[in-house]
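# Just need the structure, nothing else, for what follows:
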Amino acid sequence: MDPTLVPLAFFSVAGLVFAYLAVVEKDLVKAVIFSAIQSSTYTAVLYLLRAPDTVLVYLPVAVGLYPAALLFLIGKTERGDGE
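So this is what the prediction gives:
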């Protein structure tokens, strides 16, 4: 049995869980954080699938630039609590 199957299954399930949490979360900042965690778990999946060149591109974009841009844009908006 391949020793990478167990971590591959773990990171895949964790990615699905964090993707679900990002979709159902009401707070946008928490949703962006869950999305970044989901992206990092998928980065681990890509690494375990032996695609290091894809990991080198996906990691800074999906875990760094995209959440930073979203958090910057969320910071520029006003909070509306349904009033």
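
# Per-residue pLDDT of T77, please?
Per-residue pLDDT puts T77 at 88.

# So what does it have for phi and psi?
phi -90, psi 160 (degrees, to the nearest 10).

# and it, how many neighbours does it have?
8 (other C-beta atoms under 10 Å). All C-beta spots, glycine's among them, are computed from the backbone N, C-alpha and C.

# residues touching it, list them.
With contact set as C-beta atoms under 8 Å, 6 or more residues apart in numbering, T77 has no partners.

# Check the spacing between it and A9 real quick.
As for T77, its distance to A9 is 38 Å (criterion: C-beta to C-beta, to the nearest Å).

# where does the protein dip in pLDDT?
By pLDDT under 70, the weakly predicted segments of the chain are 80-83.

# what about R79, which SS state?
Under DSSP: H, G, I helix; E, B strand; the rest coil, the three-state class of R79 is coil.

# How much space separates it from D2?
48 Å.

# try L71
Remark: distance between L71 and D2 (C-beta to C-beta) = 38 Å.

# what about the two, which has more around it?
Set L71 next to D2 and count neighbours by other C-beta under 10 Å: L71 wins out with 15 against 7.

# so the more buried one touches K30, yeah?
No - judged on C-beta atoms under 8 Å, L71 makes no contact with K30 at a distance of 11.2 Å.

# List the buried residues in stretch 58-71.
By neighbour count with 16 or more other C-beta atoms under 10 Å, stretch 58-71 contains the buried residues Y58, L59, A62, V63, P67, L70.
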